[in-house]
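Undergrad: sequence first, then the predicted structure, then my questions.
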Amino acid sequence: MAPIPMTAEECRLATEALSDQLDLYANLLVRKGVSLRRGQELVLQTPVERADFARRVVAAAYRAGAGHVTVIWKDDEVTRLTYENCDLGFFESTPSWQVEQLNSLADAGAAFLFLEGSDPSALKRIDPAKPAAAARARNTECRAFRDGMDFGRNAWCIAGVPVRAWAHEVFPDLSQDEALYRLWVLILEVSRADGEDPESAWETHNASFEKTKRFLNSHRFDALRYESENGTNLTVGLTDGHVWDGGAGRTQDGVTFFPNIPTEEVFTSPDRQRADGVVYSSLPLVHSGQTVRDFWLRFEGGRVVDYGAEQGREVLRHIIETDEGSCRLGEVALVSKNTPIRQSETLFFSTLYDENASCHLALGNGFPECIMGGVSLSKDALLSHGVNQSSTHVDFMIGSDDLNIYGVAADGTETPVFVNGQWTWE
């Protein structure tokens, strides 16, 4: 029997009842997500539709002692209008004021909190070359901003907030009001922010990553081999001195923060020249407001040499052809099917959430912290150690209920790591 729909008034009252929990969520993002320090600048990027929650975050930041909060507003409709009305050439460089804004804030030691919430179809039928060019320009020209996060100079966190168009995509059979409420509840649940003390819950959650990282880092596998019934048969080489990471991050000056809330993955950067075989997606990829479904990639010598998609092949092409490194892997991430996000049986149409329900790979830039001493190396040195360099980093999900993953030692000996989509010890 289908549940009885909520009335608009019931939705309003139920959402109001979340008020105290939303304050706890805002505190979590400020105090644990970016670990804001007294006197520090917080940069908050947020969808304008969630100005109500943004105000809670700003208030939480000032309670935590923020020196100042800069808010950068985003709006799907304005973004779409810009792409519809500006020529491709406009997006091939970043406005100088924006470069100065992001780079100067990063240089001054700001913490960055990104609230993610957008329409998964916001840029449907927009030429994918335009958002690809804009992302490439921003990541290339806003170098202090990008390097500050990549090399551990700035604390940062990405977390979710619901907007109506996204909620409707996740819950298409509900009214807009009920869909928005249900998505708020789900975000709080999977972010471990639905209890009395989310900050303590995240300390406990972070401790759970340590066992897994010890197992992987102690084995020093030479490669990982993936196989599943959907046709995935892929071997990915790992670099000498690779390090598995996950859970909390740490800045160069010792501040512990959480780059993603939620997070369920352990990850490392593979050898950019050692990926061979074919891999099939298990969930849609939503990239720059456009969706790619049922796609596959074939690798030889670390490069994507062929690919296909039932929907969004042109979007996929622009990702792969962004620059010299965008056709190679920058990340391998392992996620058990027994996570809260996967157990919710919800397709979020958002990489932040869907990547934490499924093992995934990423095309593009690798992580300096995923190789011993990497944060002190130059980009050229990282490249020489096998860590990929690119202006993009795009995660795509490959985990399935029958996915098996084997750790391959240098002598070819294989150790089961995943069996039927979960850790061997689960």
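TA: Structure's in. What do you need? Residues are numbered from 1 along each chain as shown.

Undergrad: burial of residue 38, as a residue count?
TA: Other residues near residue 38 come to 8 when the count uses other Cβ atoms under 10 Å. To be clear about C-beta, it is placed using only N, CA and C from the backbone, and glycine gets the same treatment.

Undergrad: what about the closest residue to it other than its chain neighbours, how many neighbours?
TA: Nearest non-adjacent residue to residue 38, counting by Cβ to Cβ, 6 or more residues apart in numbering: residue 65, 3.4 Å away. For residue 65, the count of nearby residues is 12 (other Cβ under 10 Å).

Undergrad: my read: residue 65 touches residue 39, true?
TA: Yes. With contact defined as Cβ atoms under 8 Å, residue 65 and residue 39 form a contacting pair (6.4 Å).

Undergrad: okay, now the unreliable bits of the stretch 1-150 of the chain?
TA: Counting by pLDDT under 70, the stretch 1-150 of the chain contains low-confidence residues at 1-2.

Undergrad: which parts of it are helices?
TA: Along the stretch 1-150 of the chain, the segments classed as helices by DSSP state H, counting those that start in this stretch run 8-16, 19-28, 51-63, 76-85, 96-107, 129-141, 143-150.

Undergrad: any idea how far the third one is from the chain center?
TA: Between the centre of helix 51-63 and the centre of its host chain there is 23 Å, according to Cα atoms, centre = their mean, to the nearest Å.

Undergrad: thinking again about what came up before, nearest to residue 173, out of the helices of the stretch 1-150 of the chain?
TA: Among those, the nearest to residue 173 by Cβ to Cβ is helix 8-16 (14.8 Å).

Undergrad: quick revisit: now distance to residue 156 and mean neighbour count too, for the helices of the stretch 1-150 of the chain, in TSV please.
TA: Putting these into TSV (distance: least, Cβ to Cβ, whole Å; neighbours: other Cβ atoms under 10 Å) gives the following:
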stretch	distance to residue 156	mean neighbour count
helix 8-16	28	13
helix 19-28	15	19
helix 51-63	14	18
helix 76-85	21	15
helix 96-107	10	16
helix 129-141	14	19
helix 143-150	5	19
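
Undergrad: now the ones you listed in TSV, with distance to residue 234?
TA: Formatted as TSV, these follow (distance: least, Cβ to Cβ, whole Å):
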stretch	distance to residue 234
helix 8-16	44
helix 19-28	36
helix 51-63	40
helix 76-85	34
helix 96-107	36
helix 129-141	25
helix 143-150	26
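
Undergrad: coming back round to it: how close does the residue nearest to residue 38 get to residue 410?
TA: Distance, residue 65 to residue 410, by Cβ to Cβ, to the nearest Å: 50 Å.

Undergrad: how about residue 287?
TA: From residue 287 to residue 410 the distance is 36 Å (Cβ to Cβ).

Undergrad: who has more neighbours, the two?
TA: residue 287 (24 against 10).

Undergrad: relative to residue 349, how far out is the more buried one?
TA: 11 Å.

Undergrad: repeat that for residue 305.
TA: As judged by Cβ to Cβ, residue 305 and residue 349 stand 29 Å apart.

Undergrad: show me what contacts the residue most central in space within the chain?
TA: With distances taken as Cα atoms, centre = their mean, residue 352 lies nearest the centre of the chain, 4.3 Å away. Residue 352 is in contact with 116, 158, 159, 160, 260, 262, counting by Cβ atoms under 8 Å, 6 or more residues apart in numbering.

Undergrad: so can I have TSV of those residues showing distance to residue 344?
TA: Formatted as TSV, those follow (distance: Cβ to Cβ, whole Å):
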residue	distance to residue 344
116	17
158	19
159	17
160	13
260	17
262	11
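
Undergrad: what would those residues look like in JSON lines with secondary structure and neighbour count?
TA: Shown next, in JSON lines, are these (DSSP: H, G, I helix; E, B strand; the rest coil; neighbours: other Cβ atoms under 10 Å):
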{"residue": "116", "secondary structure": "strand", "neighbour count": "19"}
{"residue": "158", "secondary structure": "strand", "neighbour count": "19"}
{"residue": "159", "secondary structure": "strand", "neighbour count": "24"}
{"residue": "160", "secondary structure": "strand", "neighbour count": "26"}
{"residue": "260", "secondary structure": "strand", "neighbour count": "24"}
{"residue": "262", "secondary structure": "coil", "neighbour count": "24"}
